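Enquirer: using only what follows, build the 3D model:
(one chain, ligands or ions: 1)
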Amino acid sequence: MRIGVLTGGGDCPGLNAAIRAIVRKGEDVYGHNVLGFRYGWRGVIECETVELTTESTRGILPRGGTILGSSRTNPFKTSDGVARVMDTLRREHVDSLIVIGGEDTLGVAEKLGREGANVVGVPKTIDNDLSATEVTFGFNTAVQIATDAIDRLHTTAESHDRVMVVEVMGRHAGWIALYAGLAGGADVILIPELPFDIAEVCERIQHRHRRGENFSIIVVAEGAIPVEGTMTLQSGETDEFGHVRLGGVANRVTEELMSRTGYDTRVTILGHVLRGGTPTAFDRVLATRFGIAAIDAAHDGAFGSMVALQCGQIVRVPIEDAISELKLVDPALYDVASVFFG
Ligand code: F6P
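Expert: Numbering: from 1, shown residues only. Model (predicted):
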């Protein structure tokens, strides 16, 4: 069999571990031939390929990013995009395409599956917002990087009696903010799921300072939104999937905090730092397990399925189950974190 592989959307640590696993089992165990597509769906539309072998994928397990490259190209956004994808798959004799992606990339895979493409999905995203899997790889690494940063900000905040506002990625879901905030002992955590009132945030911080603490840490997810009418935000450009470029809510929170409380406040936007560098051991193991399960699914002809983690086991679920609804943070976990607020 000839198996195609692509990585689409925002990159994340663990992608190379997944590619390596697909190639190793595909070639060494099944005797399949693995073809990589460069830059996500763009590489399928434009037929930009690279042969993947056990030899060419040696040494990539701990490497961040993706050796295939990635993009946010959406074949459904151009009139001939889908036809070109189908044409490439036919011309390159691809029997099955393993699509490693988040909500958008897998959304395209699911639609193409309905048009007859033989797709298998692998969930990845630092945001951890895909349903049907308990966790996506990339998330654990992002949380660890954010936690390390918060620990570092803690000591300098203490030295200078400052409020530190830390912005982390998390467009629709606040998983990274919540986990890193919990692990780093945040005094307030703002997430997209719960619109915040800046007056309440200031009150919590003032309450903490009245109790004798002279510094505070506020963790903000980039997608956090104020309660309507309480604070303005600037909006940016949109990508091919219609998402606005985020980044900046923490700046506004910082300005408001300074002017409303007079506390010396600084902002740190972690942004793409959370997506870069070497994956944690957890993400390497999860990505490897997903990669092995994906090549098994392709070999078995389990098209339209996505590999997922459920109760510690790798299972197959319909891709549709992962993308039909975003996995938002568990309110009970937010309640745990909020015990430590203010
Ligand atoms: O991949 C998801 C994500 O990391 C989001 O959290 C973030 O909003 C987005 O990617 C940033 O995308 P880009 O790298 O295209 O700026």
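Enquirer: please see if the top helix by length along the chain touches the ligand.
Expert: In terms of residue count, the longest helix belonging to the chain (DSSP state H) is helix 139-160. No. In terms of C-beta under 6 Å from any ligand atom, no part of helix 139-160 sits within range of the ligand; the closest distance is 8.2 Å. Every C-beta, even on glycine, is put in place using the N, C-alpha and C of the backbone.
Enquirer: run the chain-centre distance for that helix.
Expert: 19 Å (C-alpha atoms, centre = their mean, to the nearest Å).
Enquirer: list the buried ones in that helix?
Expert: Residues 139-147, 149-150, 153-154, 157 are the ones in helix 139-160 that count as buried (16 or more other C-beta atoms under 10 Å).
Enquirer: nearest to Glu325 among these?
Expert: Phe139 (17.8 Å; C-beta to C-beta).
Enquirer: residue contacts, the closest one?
Expert: By C-beta atoms under 8 Å, 6 or more residues apart in numbering, the contact set of Phe139 is Thr125, Ile126, Asp127, Asn128, Trp175, Ile176, Tyr179, Asp283.
Enquirer: is it true that the second one touches Asp11?
Expert: Yep, that's Ile126 we're talking about. No. Using C-beta atoms under 8 Å, Ile126 is not in contact with Asp11, being 9.1 Å away.
Enquirer: if you count what's nearby, which of the two comes out ahead?
Expert: Between Ile126 and Asp11, Ile126 has the larger neighbour count (other C-beta atoms under 10 Å), namely 30 against 24.
Enquirer: quick one: the more buried one and His272, what's the gap?
Expert: 10 Å (C-beta to C-beta, to the nearest Å).
Enquirer: could you do Lys77 as well?
Expert: Distance from Lys77 to His272, by C-beta to C-beta: 24 Å.
Enquirer: run through the residues that contact the residue in the stretch 51-200 of the chain that the ligand sits nearest to.
Expert: Closest residue of the stretch 51-200 of the chain to the ligand, C-beta to the nearest ligand atom: Met169 (3.4 Å). By C-beta under 8 Å, 6+ apart, the contact set of Met169 is Ile126, Asp127, Ala142, Ile176, Ala221, Glu222, Leu270, Gly271, His272, Leu274, Arg275.
Enquirer: restricted to strands, list these.
Expert: Those of the contacts of Met169 mapping onto strands are Ala221, per DSSP state E.
Enquirer: quick check: PyMOL command selecting the buried ones in the contacts of Met169.
Expert: In PyMOL syntax, the buried subset of the contacts of Met169 is picked out as below (16+ other C-beta under 10 Å):
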select buried, resi 126+127+142+176+221+222+270+274+275
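Enquirer: any chance of the contacts of Met169 in CSV, with pLDDT too?
Expert: Formatted as CSV, the contacts of Met169 follow (pLDDT from 0 to 100):
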residue, pLDDT
Ile126, 98
Asp127, 98
Ala142, 98
Ile176, 98
Ala221, 98
Glu222, 96
Leu270, 97
Gly271, 96
His272, 97
Leu274, 98
Arg275, 98
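Enquirer: got JSON lines for the contacts of Met169, with distance to Leu35 too?
Expert: Shown next, in JSON lines, are those (distance: C-beta to C-beta, whole Å):
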{"residue": "Ile126", "distance to Leu35": "27"}
{"residue": "Asp127", "distance to Leu35": "28"}
{"residue": "Ala142", "distance to Leu35": "30"}
{"residue": "Ile176", "distance to Leu35": "33"}
{"residue": "Ala221", "distance to Leu35": "37"}
{"residue": "Glu222", "distance to Leu35": "35"}
{"residue": "Leu270", "distance to Leu35": "35"}
{"residue": "Gly271", "distance to Leu35": "33"}
{"residue": "His272", "distance to Leu35": "29"}
{"residue": "Leu274", "distance to Leu35": "31"}
{"residue": "Arg275", "distance to Leu35": "26"}
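Enquirer: now Arg91. Nearest residue, chain neighbours left out?
Expert: Among residues not flanking Arg91 along the chain, Cys47 sits closest, at 7.2 Å (C-beta to C-beta, 6 or more residues apart in numbering).
Enquirer: now that neighbour: how far from Gly342?
Expert: 56 Å.
Enquirer: would you mind naming what in this protein lies close to the ligand?
Expert: 9-10, 72, 102, 125-127, 169-171, 222, 245-246, 275.
Enquirer: the same query, at a cut-off of 5 Å, please.
Expert: Residues of the chain lying close to the ligand by C-beta under 5 Å from any ligand atom are Gly10, Asp127, Met169, Arg171, Leu246.
Enquirer: pretty sure Val267 sits in a helix.
Expert: No. Read with DSSP: H, G, I helix; E, B strand; the rest coil, Val267 is strand and lies in no helix.
Enquirer: now the strands for the stretch 151-300 of the chain?
Expert: 163-168, 188-190, 216-221, 265-269 (DSSP state E, counting those that start in this stretch).
Enquirer: I appreciate the help and will end here.
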